[in-house]
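*Asks:* could you work out the structure for the sequence below:
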Amino acid sequence: MTTSSPADVRPDPPHSPAPAGHPAGDRSLAEFGYRQELHRSLGRYASFAAGFSFISVLTTVFQFFAFGFAFGGPAFFWAWPVVLVGQLLVAACFAELAARYPISGAIYQWSSRLSTPSFGWFAGWIMVIGQIVVVAAAALALQMVLPAIWPGFQLIGTDASPVSPDGAANAAVLGVVLLALTTLVNVVDNRVMSVINRVGVTAEIIGAVLIVVLLLTHSERTPGITFHTTGAAQSGLFGALAVGSFTAAYVMIGFDSAGEMSEETHNPRRTAPRTILTALGAAGLLGGLIVLGGLLAAPSLTDGRLGVDGLSYVLTSSLGDGVGKALLADVVVAIAVATLAIQTAACRMLFSMARDGRLPFSARLARVNPRTGMPSAPALVVGVLAAALLLLNFASPDAFLAIGTTCIVMLYLAYAMVTGPLLVRRLRGGFSSAGTDETGAPLFSLGRWGIPVNALALLYGLLMTVNLAWPRAAVYDPAGGHWYFQWFTVLFLAATLAVGVAFRAYRARKPVS
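*Replies:* Numbers count the residues shown, from 1 in each chain. Model prediction:
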């Protein structure tokens, strides 16, 4: 249990190498009033894998490519570099914070220490709810791939499209099975989790590179097609890019997971900042090339299939069933590992907030199994709640998009609740660049670029949050008659805040158990 409040607003503590014989990670954690309970067993590649597998380009690009093309046409590609640059600005700010506050529950811890206890609590609350929704959204991605590999995976009905009633219901079933497996791994041991992450990420990177090479060598057209909006459901270039940016926005989130795993990482002050940036950079580059390759190699841009079946259609049509399905099998591995990584990140957020007594049943949620080094209760909570969200797919296929866009908005808003207080701290001169990491090297710092980078990161995050949450009927309720799906993101965020306010009011009257 902590011996000091995580929300103390104080000058950044000086950092120096740990004394001989004293584990650097343990000393670093003790500075913030915590004792080492999670097992510190992750190296640099495992830390990179945590961030990369949360982003998981194969999972997310395959899941949302069809949506981006349907609403933006080929021009939706250009939203990719814009989102990548914006997220790199945010990641640079997070890299600085990961060096100074290497603690589980990164968003909650960073926001609390930069602002006030209440503000930081809401940042953590929004983030953990958003992560749970992301877990559900990632699990749904299996529907985009498994039936394309073998029709037998279509357990319900015959229409595999995720926007059809059959496909939506089948996606929920497949997702629940996957969540059961990832929950089990999140209970077993963090070494098992780390091995699965590393093997899965390695397979994903190899598969992504192969897909890029094969798609580009099977091009049917020139890159000039990306300047056209042919077939876009949104009128005008700006509208096409605004909605088309959902794909890139959904892909490039979760890079902060390397910070979430800081208490389990060797030399976190040195490792986490670098892996946050490299995970996002690698995923952004590979994802952009996959999107471009898909547009160039698609058999047709006008037959309607690219906006429904997406990249699965491109791979099996352009590369043949054998090669295409082999690569799709690699995508299945990526989806499984991504779901595992996202669930792990949500577990660490729950654990961090519970350790500070900030959640219902905190004592149980903060308990770490000394043998496995894993907080088991948070894994069960995240798995059950994510599975419950999947049941929305039985109500309507529109839930697929509602769940996907809601999780992006939640995370973008939580990110802004870190970059905002950080900018205020910088402008007041209270954010120090002094200090060293575990090896004695200077801490990662933006130096004189801190204020402009931070300001642009905050502006970008707020604009994208509004863009993503805007209740466009054509996007969220194309069939009409489901106003609650059109306003789902806004309503879900309002409900999240209302529950948070109600809980804090209750907590003010009665201590949390």
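*Asks:* residue boundaries of the helices in the stretch 1-150 of the chain?
*Replies:* Remark: helices assigned in the stretch 1-150 of the chain by DSSP state H, counting those that start in this stretch are 24-30, 44-55, 57-72, 79-100, 106-114, 117-140, 146-149.
*Asks:* got those helices as JSON lines, with mean pLDDT columns?
*Replies:* Listed next are the helices of the stretch 1-150 of the chain as JSON lines, based on pLDDT from 0 to 100:
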{"stretch": "helix 24-30", "mean pLDDT": "63"}
{"stretch": "helix 44-55", "mean pLDDT": "89"}
{"stretch": "helix 57-72", "mean pLDDT": "88"}
{"stretch": "helix 79-100", "mean pLDDT": "96"}
{"stretch": "helix 106-114", "mean pLDDT": "95"}
{"stretch": "helix 117-140", "mean pLDDT": "94"}
{"stretch": "helix 146-149", "mean pLDDT": "91"}
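*Asks:* so which of those comes closest to residue 227?
*Replies:* helix 57-72 (12.2 Å; CB to CB). C-beta coordinates here come from the backbone N, C-alpha and C atoms, glycine included.
*Asks:* now the strand or helix carrying residue 183: how far from the chain's centre is it?
*Replies:* Per DSSP states H and E, residue 183 falls inside helix 165-188. Relative to its chain's centre, helix 165-188 lies at 18 Å (CA atoms, centre = their mean, to the nearest Å).
*Asks:* so where is this structure shaky, pLDDT-wise?
*Replies:* 1-28, 510-513 (pLDDT under 70).
*Asks:* select the longest helix from it.
*Replies:* helix 320-355 (DSSP state H).
*Asks:* what angle separates that one from helix 117-140?
*Replies:* On the basis of axes from the mean of the first three to the mean of the last three CA atoms, to 10 degrees, helix 320-355 is oriented at 160 degrees to helix 117-140.
*Asks:* and residue 209, what does it touch?
*Replies:* For residue 209, the contacting residues are residue 286, by CB atoms under 8 Å, 6 or more residues apart in numbering.
*Asks:* how near is it to residue 216?
*Replies:* 11 Å (CB to CB, to the nearest Å).
*Asks:* go on, residue 346?
*Replies:* 36 Å.
*Asks:* same question, residue 229
*Replies:* 22 Å.
*Asks:* for these two, indicate the residue with more neighbours.
*Replies:* Under the criterion of other CB atoms under 10 Å, the comparison of residue 229 against residue 216 puts residue 229 first, with 21 against 15.
*Asks:* quick one: the more buried one from residue 301, how far?
*Replies:* 11 Å.
*Asks:* between the two, what contacts are shared?
*Replies:* Common neighbours of residue 229 and residue 301 (CB under 8 Å, 6+ apart) are 73-74.
*Asks:* skipping adjacent residues, who's closest to residue 467 in space?
*Replies:* The spatially closest residue to residue 467, leaving aside those adjacent along the chain, is residue 242, at 5.6 Å (CB to CB, 6 or more residues apart in numbering).
*Asks:* my guess is that neighbour contacts residue 235. True?
*Replies:* No: look at residue 242 against residue 235 with CB atoms under 8 Å: they stay out of range, at 11.3 Å.
*Asks:* which one's more surrounded, those two?
*Replies:* Using other CB under 10 Å, the more surrounded residue of residue 242 and residue 235 is residue 242, with 21 against 10.
*Asks:* the strand or helix carrying the more buried one vs helix 44-55, what angle?
*Replies:* Taking DSSP H and E as the criterion, residue 242 maps to helix 237-251. Using the same axes, to 10 degrees, the direction of helix 237-251 lies 130 degrees away from that of helix 44-55.
*Asks:* what's the burial count for residue 199?
*Replies:* 13.
*Asks:* quick check on it: phi, psi?
*Replies:* With angles defined as degrees, to the nearest 10, residue 199 sits at phi -60, psi -40.
*Asks:* measure it to residue 69 for me?
*Replies:* In terms of CB to CB, residue 199 sits 31 Å off from residue 69.
*Asks:* then residue 151?
*Replies:* For residue 151 relative to residue 69 (CB to CB), the value is 24 Å.
*Asks:* looking at the two, which is more packed in?
*Replies:* residue 69 (28 against 10).
*Asks:* that one is in contact with residue 75, isn't it?
*Replies:* No: judged on CB under 8 Å, residue 69 makes no contact with residue 75 at a distance of 9.7 Å.
*Asks:* chain center to stretch 289-305: distance?
*Replies:* Stretch 289-305 has its C-alpha centroid displaced from the chain centroid by 25 Å (CA atoms, centre = their mean).
*Asks:* same check, this time on stretch 481-499
*Replies:* 20 Å.
*Asks:* give the contact list for the residue nearest to residue 255 when sequence neighbours are not counted.
*Replies:* Leaving aside its chain neighbours, residue 255 sits nearest to residue 280 (4.1 Å; criterion: CB to CB, 6+ apart). The contact partners of residue 280, taken as CB under 8 Å, 6+ apart, are 51, 55, 84, 87-88, 91, 252, 255.
*Asks:* show me which pair in those is furthest apart.
*Replies:* Greatest spatial distance in the contacts of residue 280: 51 and 84, 14.6 Å, computed using CB to CB.
*Asks:* mind listing the helices for the stretch 301-450 of the chain?
*Replies:* Assigned helices in the stretch 301-450 of the chain, in chain order: 310-318, 320-355, 362-365, 376-390, 392-395, 399-427, 450-469 (criterion: DSSP H, counting those that start in this stretch).
*Asks:* out of these, flag the one nearest residue 190.
*Replies:* Set against residue 190 and scored by CB to CB, the helices of the stretch 301-450 of the chain come closest in helix 320-355, at 8.5 Å.
*Asks:* which parts of that closest one are buried?
*Replies:* 324-325, 327-328, 330-355 (16 or more other CB atoms under 10 Å).
*Asks:* I'd say residue 214 and residue 320 touch.
*Replies:* No: assessed by CB under 8 Å, residue 214 is found out of contact with residue 320, at 10.3 Å.
*Asks:* hmm, back to that, ok, and what's touching the helix holding residue 242?
*Replies:* Under CB under 8 Å, 6+ apart, the answer for helix 237-251 is 55, 57, 60-61, 63-65, 67-69, 71-73, 75-76, 78-80, 82-84, 137, 229, 232-234, 283, 287, 291, 404-405, 407-408, 412, 464, 467-468, 472, 475.
*Asks:* then stretch 75-83 to CSV, C-alphas only?
*Replies:* What follows is stretch 75-83, C-alpha atoms only, in CSV (Å, rounded to 0.1, in the frame of the first residue of the first chain):
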residue,chain,number,x,y,z
ALA,A,75,-7.9,9.6,-50.3
PHE,A,76,-8.4,8.3,-46.8
PHE,A,77,-4.7,7.3,-46.9
TRP,A,78,-3.6,10.9,-46.4
ALA,A,79,-5.3,11.0,-43.0
TRP,A,80,-2.6,8.4,-41.9
PRO,A,81,0.5,10.7,-41.9
VAL,A,82,-1.5,13.5,-40.2
VAL,A,83,-2.6,11.2,-37.4
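*Asks:* chain center to that stretch: distance?
*Replies:* With CA atoms, centre = their mean, you get 19 Å for stretch 75-83.
*Asks:* buried residues, the helix holding residue 183. List them.
*Replies:* 165-176, 178-179, 182-183, 185-188.
*Asks:* now it against helix 117-140, angle please.
*Replies:* Using the same axes, to 10 degrees: helix 165-188 against helix 117-140 is 120 degrees.
*Asks:* helix 165-188 to helix 399-427, inter-axis angle?
*Replies:* Using the same axes, to 10 degrees: helix 165-188 against helix 399-427 is 50 degrees.
*Asks:* between helix 165-188 and helix 376-390, how many degrees?
*Replies:* Going by the same axes, to 10 degrees, helix 165-188 makes 180 degrees with helix 376-390.
*Asks:* elements contacting helix 165-188?
*Replies:* Secondary-structure packing of helix 165-188 (3 or more CB pairs under 8 Å, 6 or more residues apart in numbering; DSSP states H and E): helix 117-140, helix 146-149, helix 190-217, helix 320-355, helix 376-390, helix 392-395, helix 399-427.
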